[in-house]
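Engineer: below is the structure, and that's it, no one-letter string:
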C-alpha cells in the first residue's frame with residue numbers, strides 16, 4: 001500500500017460513486033476512527049459511505065486492484081476492535097444502507113439492508129405483529145449486519161438461539177467485488193454447502209454482508225418476569241433446571257448477577273432500583289414469554305411459588321405489569337452505564353460450562369486481586385447459554401493494566417476449557433488468546449479459508465488471526 005495507491009483509490013471511487021460518498025483526511029468523522037473497544041483510534045485514509053450493494057462491489061474491486069485494505073463498519077458498537085480501521089486503510093461504512101426491504105408474513109421473514117439498526121428491525125417486526133428475537137443493550141446503535149458478522153447473542157439465546165439461528169439468507173460482496181446473492185426464505189434448504197455460515201461470525205474478514213433475510217417469530221402475547229434472590233450457586237443451578245422443566249418453551253431469559261455486580265448496578269447507576277429487601281449471594285432474573293395469559297400466567301406464578309416453597313428461592317419480586325418487567329431488566333442493562341460510574345475498565349465475554357461458572361468466578365476474582373494490586377472484578381451473565389461477563393479494573397489507573405488482566409481472565413478460561421468469546425467476537429483485542437479456545441488444526445483451517453476467499457488479504461486484515 002503506497003500513497004500513490006491511496007490517491008488513485010480516492011480518484012477512482014470519487015468518479016464512480018460521487019464526491020459526497022467518498023471522504024478523505026480531515027473530512028472523515030472522528031467516530032469512524034474506532035469502535036467501542038478500549039483501543040486507541042486509528043485514522044483511515046478514506047471513508048466510503050456506500051448506499052448500494054453495487055457500490056460496495058466497486059469499492060472492493062478498486063481496492064483489491066490497488067492493494068489497499070478495506071475495513072467494513074456498521075454501527076461501530078463492537079467491543080473487540082473488529083471495526084476499528086487500520087491507519088491508511090479504506091473504511092467502508094454501511095450506515096446508509098439502512099431500511100426494511102420486505103416483510104413476508106407467510107414465510108415469517110424480513111429482508112433488510114445490512115446497515116439497518118437492530119431496534120429498527122425489532123420495531124418493524126412488532127408493527128407487522130411479528131417478533132425479531134435478537135436483543136442486546138446497544139439495540140439503538142448497532143447495525144444488523146454487524147450483529148450477524150459477529151454472531152451476536154444477547155438476552156434471549158436460551159429460547160431463540162444466536163444471530164446465526166435467525167439468518168435464512170444473505171447477500172454478500174467478496175473481496176474481489178463478486179456479489180453472492182442468496183436471499184433464501186426457506187427454513188429447510190439443504191442444497192449443498194451452507195455458504196451463509198461462512199460469513200456469520202467472520203467479522204468482515206471474508207466478505208461484506210449487504211442484505212439479510214431474517215427469521216421472525218410469533219409476537220409474544222405477554223411477558224412475565226421474576227427477580228429472585230438465592231443463597232448459593234447450587235440453588236441457581238436448581239432454579240435453572242426447574243425453570244426449563246416447568247416453564248418449557250416459554251422460558252426466554254435466565255440472567256444471573258453476583259453481589260459485586262449487583263452492588264454497582266443498583267447502588268450507583270441512576271434510575272436502577274433493588275426490588276428485594278435483603279442482600280443475597282446471587283440475583284437471578286427469569287423471564288418467560290407466553291401466548292395465552294390465562295394459561296402461561298398461572299403456570300409462571302405456580303413455578304415461582306413452588307421454587308420458594310422448596311427453598312430454592314430466598315426472596316422474589318414477581319412482575320405485575322410490563323413496567324415491572326422493564327424495571328427488572330434495568331438491573332441487567334445497567335452494565336451499559338458502568339463506564340460512567342466506574343471509569344475506565346475492561347469488559348470480558350467468555351463461555352464456560354454452566355456448572356463451572358461459580359468455581360471460575362471465585363478463582364478469577366481471587367487471582368486478579370492477588371496478582372494485580374487494587375484490581376476489582378464484577379461477574380454477571382446469561383448463564384443458561386454458557387455465557388459469563390466480567391468487568392475488571394483498577395480504580396483510578398490510567399491506563400488499565402490490560403495485559404495482566406487479560407492473562408488472568410483468559411488463562412483461566414483455558415484451564416476450564418471454555419471460550420474466550422461467547423458473543424462479542426475476536427477482533428484484535430482477543431486475537432492473541434484465540435489458541436486458548438481453538439486447536440492448531442482449527443486455526444490452520446481458518447487460515448486456509450481466509451486465503452482461499454481473500455488471497456490478497458485486503459478485507460479487514462489483522463482481525464481474528466494473522467494470515468501470512
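Structural biologist: That came through, no problem. Keep in mind that what you see is a predicted model, and the values were worked out from it rather than measured. Numbers count the residues shown, from 1 in each chain.

Engineer: longest helix of this structure?
Structural biologist: Looking across the chain with DSSP state H, the single longest helix is helix 293-309.

Engineer: by contact count, what packs against that one?
Structural biologist: Applying 3 or more CB pairs under 8 Å, 6 or more residues apart in numbering; DSSP states H and E, one finds that helix 293-309 contacts strand 222-230, helix 233-247, strand 282-290, strand 315-318. For glycine as for every other residue, the C-beta is placed from the backbone atoms N, C-alpha and C.

Engineer: list the buried residues in the longest one.
Structural biologist: Burial within helix 233-247, assessed by neighbour count using 16 or more other CB atoms under 10 Å, is assigned to 233, 235, 236, 237, 238, 239, 240, 242, 243, 246, 247.

Engineer: name the residues that touch it?
Structural biologist: Counting by CB atoms under 8 Å, 6 or more residues apart in numbering, helix 233-247 makes contact with 228, 230, 251, 254, 256, 281-282, 284, 286, 288, 299-300, 302-303, 306-307, 310, 312-313, 354-355, 357-358, 383-384, all of which sit outside it.

Engineer: can you list contacts of the longest helix of the chain?
Structural biologist: By CB under 8 Å, 6+ apart, the list of residues contacting helix 293-309 reads 221-222, 224, 226, 228, 239, 242-243, 246-247, 250, 288, 290, 313, 316, 318.

Engineer: okay, buried residues for the helix or strand where residue 9 lies please.
Structural biologist: Take DSSP states H and E as the rule and residue 9 turns out to sit in helix 3-17. Applying a neighbour-count criterion of 16+ other CB under 10 Å, the buried positions in helix 3-17 are 5, 6, 9, 10, 12, 13, 14, 17.

Engineer: including pLDDT and distance to residue 265, could those go into JSON lines?
Structural biologist: Converted to JSON lines, the buried residues of helix 3-17 look like this (pLDDT from 0 to 100; distance: CB to CB, whole Å):
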{"residue": "5", "pLDDT": "95", "distance to residue 265": "49"}
{"residue": "6", "pLDDT": "95", "distance to residue 265": "46"}
{"residue": "9", "pLDDT": "97", "distance to residue 265": "47"}
{"residue": "10", "pLDDT": "97", "distance to residue 265": "47"}
{"residue": "12", "pLDDT": "97", "distance to residue 265": "51"}
{"residue": "13", "pLDDT": "98", "distance to residue 265": "46"}
{"residue": "14", "pLDDT": "97", "distance to residue 265": "49"}
{"residue": "17", "pLDDT": "97", "distance to residue 265": "46"}
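
Engineer: in those, find the pair that's most separated.
Structural biologist: Taking CB to CB, the two most distant members of the buried residues of helix 3-17 are 5 and 17; they sit 17.7 Å apart.

Engineer: so what pLDDT did the residue nearest the centre of the chain get?
Structural biologist: When the chain is reduced to its mean C-alpha position, the closest residue under CA atoms, centre = their mean turns out to be residue 152, at 3.5 Å. According to the model's per-residue confidence, residue 152 sits at a pLDDT of 95.

Engineer: quick one, helices of the stretch 251-400 of the chain?
Structural biologist: For the stretch 251-400 of the chain, applying DSSP state H, counting those that start in this stretch gives helices covering 259-267, 293-309, 322-333, 338-342, 357-371.

Engineer: elements contacting the last one?
Structural biologist: Just to be clear, that refers to helix 357-371. Packing contacts for helix 357-371, counted by 3+ CB pairs under 8 Å, 6+ apart, involve helix 233-247, strand 376-381, strand 387-393, helix 402-415.

Engineer: and of these, who's closest to residue 174?
Structural biologist: Minimum separation from residue 174 across those (CB to CB) falls at strand 387-393, 31.4 Å.

Engineer: what's that closest one in contact with?
Structural biologist: Surrounding strand 387-393, the residues in contact under the criterion CB under 8 Å, 6+ apart are 153, 157, 261, 335, 338, 342-352, 357, 360-361, 364, 368, 375-381, 400, 405, 409, 422-423.

Engineer: run the last query once more with 7 Å
Structural biologist: Applying CB atoms under 7 Å, 6 or more residues apart in numbering, the external contacts of strand 387-393 come out as 153, 338, 342, 344-352, 357, 364, 368, 375-381, 400, 405, 409, 422-423.

Engineer: determine how far stretch 230-240 lies from the middle of the whole chain.
Structural biologist: 26 Å (CA atoms, centre = their mean, to the nearest Å).

Engineer: what mean pLDDT does it have?
Structural biologist: Along stretch 230-240, the predicted local confidence has a mean pLDDT of 98.

Engineer: same check, this time on stretch 104-121
Structural biologist: The predicted confidence, averaged over stretch 104-121, sits at 98.

Engineer: buried residues in it?
Structural biologist: Buried residues in stretch 104-121 (16+ other CB under 10 Å): 107-118, 120-121.

Engineer: same question, stretch 38-51
Structural biologist: Buried residues in stretch 38-51, counted by 16+ other CB under 10 Å: 38, 42, 43, 44, 45, 46, 47, 48, 49, 50, 51.

Engineer: between these, which sits nearest residue 207?
Structural biologist: Of all the buried residues of stretch 38-51, residue 50 has the smallest distance to residue 207: 14.0 Å, by CB to CB.

Engineer: tell me who's in contact with the closest one.
Structural biologist: Contacts were defined as CB under 7 Å, 6+ apart; by that measure residue 50 touches 56, 59, 92, 94, 96, 97.

Engineer: thought the last one was touching residue 113?
Structural biologist: Yes: judged on CB atoms under 7 Å, residue 97 makes contact with residue 113 at a distance of 4.2 Å.

Engineer: before we move on, back to that, show me what the helix holding residue 9 is in contact with.
Structural biologist: Applying CB under 7 Å, 6+ apart, the contact partners of helix 3-17 are 22, 24, 45-46, 48, 55, 58-59, 62-63, 66-68, 88, 90.

Engineer: for the very next helix or strand once past that helix, name the packing helices and strands.
Structural biologist: Per DSSP H and E, helix 3-17 leads on to strand 22-24 as the next helix or strand towards the C-terminus. The criterion is 3 or more CB pairs under 7 Å, 6 or more residues apart in numbering; DSSP states H and E, and the helices and strands that strand 22-24 contacts are helix 3-17, strand 46-49.

Engineer: just how off-centre is the longest one within its chain?
Structural biologist: So the one you mean is helix 3-17. Relative to its chain's centre, helix 3-17 lies at 34 Å (CA atoms, centre = their mean).

Engineer: over to stretch 214-233?
Structural biologist: Using CA atoms, centre = their mean, we find the averaged C-alpha position of stretch 214-233 to lie 19 Å away from the chain's own average C-alpha position.

Engineer: quick one: buried residues of it?
Structural biologist: Of the residues in stretch 214-233, 214-216, 220, 222-230, 233 count as buried by neighbour count, 16+ other CB under 10 Å.

Engineer: just these now: which is nearest residue 451?
Structural biologist: Distances from residue 451 to the buried residues of stretch 214-233, taken by CB to CB, are shortest for residue 214, at 30.6 Å.
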